[in-house]
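Peer 1: heads up, no residue letters with this:
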């Protein structure tokens, strides 16, 4: 899709031109959720980079929820569960519990298969 390609190129360019800009990188990573055919490996790479850029525990834990979601989409369910369970900030409790509930509803055999898994998007705090 042309629009998707242009959107991803714009986010990629913004990230490349200002690699230390957390907001640009976060919007780039979040935009992958909106794609018809998401590149979950790229998403995981971006969320991993954002984890290293976190200045607050809330930021790091919110990023960990995104990382857990992406890991689940890659079929890495045990890692996703473990990471989601490590999030303990009360502000993120609803999103963490929602993700854990969705993970529990997935078939156990999906855990051994490295293929995308359908999950809902999570809400993340914004830097406003």
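Peer 2: All right, it came through fine. Everything quoted here is computed from the prediction, not taken from an experiment. Residues are numbered from 1 along each chain as shown.
Peer 1: For the protein, which residues score under the pLDDT cut-off?
Peer 2: 108-128 (pLDDT under 70).
Peer 1: Please repeat the previous calculation with a cut-off of 50.
Peer 2: Low-confidence segments of the chain, defined by pLDDT under 50: 112-117, 121-128.
Peer 1: Which stretches in it count as helices?
Peer 2: Here the chain has its helices, by DSSP state H, at 2-17, 22-31, 40-53, 57-73, 77-86, 93-105.
Peer 1: List the contacts of the fifth one.
Peer 2: So that's helix 77-86. Taking contacts as C-beta atoms under 8 Å, 6 or more residues apart in numbering, the residues outside helix 77-86 that touch it are 64-65, 67-69, 71-72, 96, 99-100, 103, 106, 110-111, 117. In this view, the C-beta of every residue, glycine as well, is placed from N, C-alpha and C.
Peer 1: circling back to that earlier point, so which of the helices of the chain is the most packed in?
Peer 2: Sort the helices of the chain by mean neighbour count, taking mean count of other C-beta atoms under 10 Å, and helix 57-73 sits at the top with a mean of 22.
Peer 1: For that one, which helices and strands make contact with it?
Peer 2: With contacts defined as 3 or more C-beta pairs under 8 Å, 6 or more residues apart in numbering; DSSP states H and E, helix 57-73 has these neighbours: helix 22-31, helix 40-53, helix 77-86, helix 93-105.
Peer 1: Format the ones you listed as JSON lines; extra columns: distance to residue 10.
Peer 2: Below are the helices and strands packed on helix 57-73 laid out as JSON lines (distance: least, C-beta to C-beta, whole Å):
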{"stretch": "helix 22-31", "distance to residue 10": "9"}
{"stretch": "helix 40-53", "distance to residue 10": "15"}
{"stretch": "helix 77-86", "distance to residue 10": "29"}
{"stretch": "helix 93-105", "distance to residue 10": "27"}
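Peer 1: Alright, calling it a day.
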